[in-house]
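> take a look and give me a structure for this.
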Amino acid sequence: MSIHQSLISPTANPELRRALSERLQRRAALAGGLGELEPLAIRLGLIQDSLTPRFRDPTLALFVADHGLAVDGLPLMWGRTTKAHADLLLHNRLPSSVLARTQGLQLSVVDCGIADEMQPNPRLQSRKIAHGTRNCRLGPAMSLEHAHAAVRVGMEIADKFSGNVLICAGLGQGAFESSALVMSRLCDLPVKDFIVSGPDMRQDQLDPLLSLLLACQARHREVVDPMDVLAAFGGFETAVMVGAMLVAASKRHLIIVDGLPACAALKAASMIAAPVTDYAVFCRSHTHHGIDQALAQFHAAALLELGLDSADGCGALLAWPMLRSAAALLTDLHDSADTLMPPPAPPSVRVSGPGRLSSRPGLLGLPSDTGP
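Sure thing, here's the model as predicted:
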C-alpha cells in the first residue's frame with residue numbers, strides 16, 4: 001500500500017449523524033443528557049460508520065527513536081537515555097505501562113531508531129530504520145528514502161494490529177524539538193510558539209534552544225513538502241506514525257493522538273490525505289504550552305485536562321474510560337418501549353465539513369466548527 005493510494009473516506013454522513021443524535025435523544029428522555037459525552041459518542045459512530053460503535057483490542061503504541069540534534073546539548077528525558085526509558089516501559093516501571101495494563105490495553109513499544117540495541121521483549125517491535133537520525137543543523141535528519149521507508153514501516157505496523165483503536169505517542173531524546181521544527185514548517189508558524197513551555201520558562205533555557213532550532217530552520221529554509229519536511233527535521237518515530245495513522249484511518253479506526261510528536265505526525269499525514277484528521281481525538285500528558293499551540297492547529301482541545309507532567313501516552317490512557325463510556329451510550333444502553341417517544345429538541349451539535357463535530361469549540365478533543 002503506497003502513500004498516494006491510501007483510501008481514506010471522510011466521516012461526514014448526515015443520515016447516520018441524524019440517527020445517532022435521535023438515539024441519544026431517546027436516552028436523554030429517559031434519564032437526562034450527558035453533556036459533552038454526546039457529541040463524542042456521535043463522533044465515534046461516524047468514525048466506525050455504525051449506530052453501535054464498539055472497540056476491540058485497543059493498543060497504546062509508543063514509537064521511540066533517537067535524534068542527531070541531541071548532540072547539540074539537548075537535555076536527557078528525566079535524566080536517562082532513550083534506551084533506558086524504553087527498558088523501563090517494557091518492564092512495567094513507568095506509569096504508562098501500568099495504566100495500559102489496568103485499562104486493558106495492549107502496550108507496544110516500537111523501536112523506530114533507538115541509537116542502542118534493545119534486548120528482545122514480547123512487547124517490543126524492532127523496526128529500526130537506522131541508529132538514530134543525523135543532526136538536522138548540519139544536514140537532513142534522514143534521507144528522503146529513509147523517510148519513505150519509515151512511513152511504509154508505519155503502514156505495515158498498523159495493518160497488522162488486530163484492534164480498531166490506535167493510541168499514538170512518540171518518545172526519544174530530541175523528539176519534542178524535532179516535532180516542533182516539523183510543526184513550525186508545516187503550519188508556517190514560529191518555532192518559538194512550540195518550544196516555550198510556559199510563562200515561567202527561564203530565558204537562559206529558551207535562548208540557546210531557540211538559537212539552535214532557528215539554525216536548523218535556516219539550514220533547510222526551502223523545504224515545504226511534507227515528506228521533505230520529515231526528511232529534513234523529523235524523527236523516525238514521527239515518520240513511522242505518519243504511515244500508521246494513514247492506514248488506521250483507511251480502516252476507519254480511532255486514532256488517539258497524544259503529544260507533540262504525534263501531532264506533528266498527524267499534521268504531515270493530513271497533508272498527504274486530509275480526511276485522516278476525521279479519525280483523530282486528542283489527549284495530553286503534560287502542560288507544555290507547545291501542546292496548546294499544536295492542538296490549536298487542529299481546532300481541538302484535549303479530552304481531559306488533568307495538569308499532568310508525565311511521558312506522552314499517560315493522558316490518552318486516563319481518557320480511555322471516557323471514550324468507552326461515550327461508545328456505551330450508543331451500544332450498551334438499550335431502547336425500551338417506554339422510551340420510544342417523540343424526542344426532545346435536538347442538542348446544539350453542528351457540523352462544518354467532514355467529521356467536524358462539536359457542541360462548543362474544541363471540547364473533548366474534537367475539532368471545532370471553523371466554517372462560516
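> what is the neighbour count of Q205?
13 (other CB atoms under 10 Å). C-betas here are computed from N, CA, C, even on glycine.
> try K251
Neighbours around K251, by other CB under 10 Å: 15.
> report the separation between it and C263.
According to CB to CB, to the nearest Å, K251 and C263 sit 21 Å apart.
> next: A302.
Distance, A302 to C263, using CB to CB: 11 Å.
> pLDDT below threshold where in the protein?
1-6, 334-372 (pLDDT under 70).
> redo that, cut-off 50
Within the chain, the segments meeting pLDDT under 50 span 1-5, 337-344, 346-363, 369-372.
> need the strands for it, in chain order.
Secondary structure of the chain by DSSP state E: the strands cover 59-65, 106-113, 124-126, 165-171, 254-258, 280-283, 350-351, 357-358.
> contacts for the third one, please.
Translated: strand 124-126. A86, L90, S108, V109, V110, D111, M118, P120, I157 (CB atoms under 8 Å, 6 or more residues apart in numbering).
> what are the buried residues along that strand?
L124, Q125 (16 or more other CB atoms under 10 Å).
> also the second one?
Residues of strand 106-113 classed as buried: Q106, L107, S108, V109, V110, D111, C112, G113 (neighbour count, 16+ other CB under 10 Å).
> show me the contacts for I8.
Contacts for I8 (CB under 8 Å, 6+ apart) come out as L246, A249, S250, A273, P275, V276, Y279.
> equivalent analysis for M118, please.
K83, A86, D87, D111, L124, S126.
> is the last one in a bridge, and if so with what?
Judged by DSSP bridges, the bridge partners of S126 are D111.
> make a markdown table out of the buried residues of strand 106-113 and add distance to R54.
What follows is the buried residues of strand 106-113, written out as a markdown table (distance: CB to CB, whole Å):
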| residue | distance to R54 |
| --- | --- |
| Q106 | 17 |
| L107 | 21 |
| S108 | 21 |
| V109 | 26 |
| V110 | 26 |
| D111 | 31 |
| C112 | 30 |
| G113 | 35 |
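> which one of those is nearest to T52?
Distance to T52 across those (CB to CB) is lowest for Q106, with 22.9 Å.
> ok, now how distant is the closest residue to the closest one other than its chain neighbours from L30?
Nearest residue to Q106 in three dimensions, chain neighbours excluded: T59, at 4.5 Å (CB to CB, 6 or more residues apart in numbering). Using CB to CB, one obtains 34 Å as the distance from T59 to L30.
> what's near enough to touch the closest residue to T52 other than its chain neighbours?
Nearest residue to T52, sequence neighbours excluded (CB to CB, 6+ apart): T331, at 4.3 Å. Neighbouring residues of T331 by CB under 8 Å, 6+ apart: T52, P53, R54.
> buried members of the residues you listed into PyMOL, please.
Restricted to buried positions by 16+ other CB under 10 Å, the PyMOL selection for the contacts of T331 reads:
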select buried, resi 53
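> okay if I get the contacts of T331 as a markdown table plus distance to A169?
What follows is those, written out as a markdown table (distance: CB to CB, whole Å):
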| residue | distance to A169 |
| --- | --- |
| T52 | 29 |
| P53 | 23 |
| R54 | 24 |
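> quick one: which of the contacts of T331 is nearest L189?
Comparing the contacts of T331 against L189 with CB to CB places P53 closest, at 34.3 Å.
> that closest one against G45, yeah?
Yes: at 5.1 Å, P53 and G45 qualify as touching, with contact defined as CB atoms under 8 Å.
> spit out the residues that contact the two alike.
L330.
> quick one: buried residues of stretch 125-133?
Quick answer for stretch 125-133 (16+ other CB under 10 Å): Q125, R127, K128, I129, A130, G132, T133.
> can you give me the end-to-end span of that stretch?
18 Å (CA to CA, to the nearest Å).
> repeat for stretch 53-65
Its first and final residues considered, stretch 53-65 spans 34 Å by CA to CA.
> pull up the distance across stretch 96-108, start to finish.
Stretch 96-108: ends 11 Å apart by CA to CA.
> out of the contacts of M118, flag the one nearest to V151.
Of all the contacts of M118, D111 has the smallest distance to V151: 16.5 Å, by CB to CB.
> pretty sure that closest one is in contact with L89, am I right?
No: between D111 and L89 there is no contact under CB under 8 Å: 11.1 Å.
> before we move on, back to that, residues that sit against both of A302 and C263, list them.
Both A302 and C263 are in contact with F282, I291, L295, where contact means CB under 8 Å, 6+ apart.
> would you list the buried entries among those residues?
Buried by 16+ other CB under 10 Å: F282, I291, L295, out of those.
> isn't the second one right next to L260, touching?
Right, I291. Yes: I291 is in contact with L260 according to CB under 8 Å; the separation is 6.1 Å.
> roughly how far does F233 sit from L213?
In terms of CB to CB, F233 sits 9 Å off from L213.
> sorry, back to before: now the contacts of I8 in JSON lines, with distance to A319?
Supplementary listing: the contacts of I8 in JSON lines, determined by distance: CB to CB, whole Å:
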{"residue": "L246", "distance to A319": "23"}
{"residue": "A249", "distance to A319": "19"}
{"residue": "S250", "distance to A319": "24"}
{"residue": "A273", "distance to A319": "25"}
{"residue": "P275", "distance to A319": "23"}
{"residue": "V276", "distance to A319": "20"}
{"residue": "Y279", "distance to A319": "16"}
